[in-house]
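Trainee: One predicted model, sequence on top.
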Amino acid sequence: MWADYISFWRDRYPDLLNATWEHLSISLVAVALGVLVAVPTGIYLSGSRTKWVQNSIFTIANLFQTIPSLALLALLIPLFGIGVKPAIFALFLYSLLPILRNTYAGFQSVDPSILESARGMGYGRTQLLLQIQLPLAFPYIISGIRLTTVYVISWTALASLIGAGGLGQLIVSGIGVNKTELIVSAALCAIMLALLADRALGAVEKHFSQRARSSKSEASII
């Protein structure tokens, strides 16, 4: 049995490598778009005093999470056709809520007394954002990105159902031809991608958490 798997990996290595790269590319683009939209939005909401705006945006982000993956992909086909575009857009919509929520929570967690002390020392709004609020909130943001990335890598396998490629395509092909080696190999690659992304972002989160504690200690002295 193991000899069959080793032989299969040797013969299909280029296909697995290409599918893994496609899978990773789709995931990273979706998460990057989510970061570009959700982080600034979370920063804006943390400073907004208009409750209905906050509630409306969080409700919309929550709504995307309630739509089943296959249903969302099907709804996007008339707009984008089949392929990579609707897959990335669907994954982008799924990525918004965790990043948005963690960004908002991170900025809300900053001690108001630290901000007041900084204002008393002449810090402007931009200085407060870049030098105090963002460093203190960054571990929360990274935590949201970490969670989102792992989820998106897992969900990307479904994108193969609309012709987006990736490891999901190999899994579907393996099911179609009843090839267990293909199914297991592609699934293992997807699992490894998720685990590696989690470990890498976990190290980044730990690093910035330590820096945030140092920044908080320094800020409390102000």
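Mentor: Noted; the coordinates are in hand. Numbers count the residues shown, from 1 in each chain.
Trainee: phi, psi of Thr50?
Mentor: The phi/psi pair for Thr50 (degrees, to the nearest 10) reads phi -90, psi 100.
Trainee: what helices or strands is the helix or strand hosting Ala74 leaning on?
Mentor: In this assignment (DSSP states H and E), Ala74 forms part of helix 69-80. Applying 3 or more C-beta pairs under 8 Å, 6 or more residues apart in numbering; DSSP states H and E, we find helix 69-80 packed against helix 84-108. Every C-beta, even on glycine, is put in place using the N, C-alpha and C of the backbone.
Trainee: What is the helix it packs on packed up against?
Mentor: If contacts are counted by 3+ C-beta pairs under 8 Å, 6+ apart, helix 84-108 sits against helix 2-47, helix 51-66, helix 69-80, helix 134-155.
Trainee: if we can go back for a sec, show residues contacting the helix holding Ala74.
Mentor: 64, 67, 86-87, 89-90, 93-94, 155, 158-159, 161-162 (C-beta atoms under 8 Å, 6 or more residues apart in numbering).
Trainee: Next, the angle from that helix to helix 84-108.
Mentor: Calculated by axes from the mean of the first three to the mean of the last three C-alpha atoms, to 10 degrees, helix 69-80 forms an angle of 120 degrees with helix 84-108.
Trainee: residues of helix 69-80 that come out buried?
Mentor: Using 16 or more other C-beta atoms under 10 Å as the test for burial, helix 69-80 gives Leu72, Leu73, Leu76, Phe80.
Trainee: quick one, which of the helices and strands packed on helix 84-108 is nearest to Leu100?
Mentor: helix 2-47 (4.1 Å; C-beta to C-beta).
Trainee: quick one: average pLDDT of the closest one?
Mentor: For helix 2-47, mean pLDDT is 82.
Trainee: same check, this time on stretch 74-84
Mentor: On average, the pLDDT along stretch 74-84 is 86.
Trainee: Need the CA coordinates for it. CSV is fine.
Mentor: Provided in CSV are the C-alpha atoms of stretch 74-84 (Å, rounded to 0.1, in the frame of the first residue of the first chain):
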residue,chain,number,x,y,z
ALA,A,74,-23.7,29.4,-7.4
LEU,A,75,-25.0,32.9,-6.9
LEU,A,76,-21.8,34.4,-8.1
ILE,A,77,-21.6,32.4,-11.4
PRO,A,78,-24.1,34.7,-13.2
LEU,A,79,-22.0,37.8,-12.1
PHE,A,80,-18.5,36.5,-12.7
GLY,A,81,-18.9,33.3,-14.7
ILE,A,82,-16.9,30.2,-13.6
GLY,A,83,-13.3,30.0,-12.7
VAL,A,84,-11.0,31.9,-10.3
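Trainee: wait, which of the helices and strands packed on helix 84-108 is closest to Ser173?
Mentor: Among those, helix 2-47 comes nearest to Ser173, with 9.6 Å by C-beta to C-beta.
Trainee: Report all helices and strands that the closest one contacts.
Mentor: For helix 2-47, the packing partners by 3+ C-beta pairs under 8 Å, 6+ apart are helix 51-66, helix 84-108, helix 134-155, helix 167-176, helix 180-221.
Trainee: try 6 Å this time
Mentor: helix 84-108, helix 134-155, helix 167-176, helix 180-221 (3 or more C-beta pairs under 6 Å, 6 or more residues apart in numbering; DSSP states H and E).
Trainee: Kindly calculate the angle that that helix makes with helix 84-108.
Mentor: Helix 2-47 runs at 50 degrees relative to helix 84-108, counting by the same axes, to 10 degrees.
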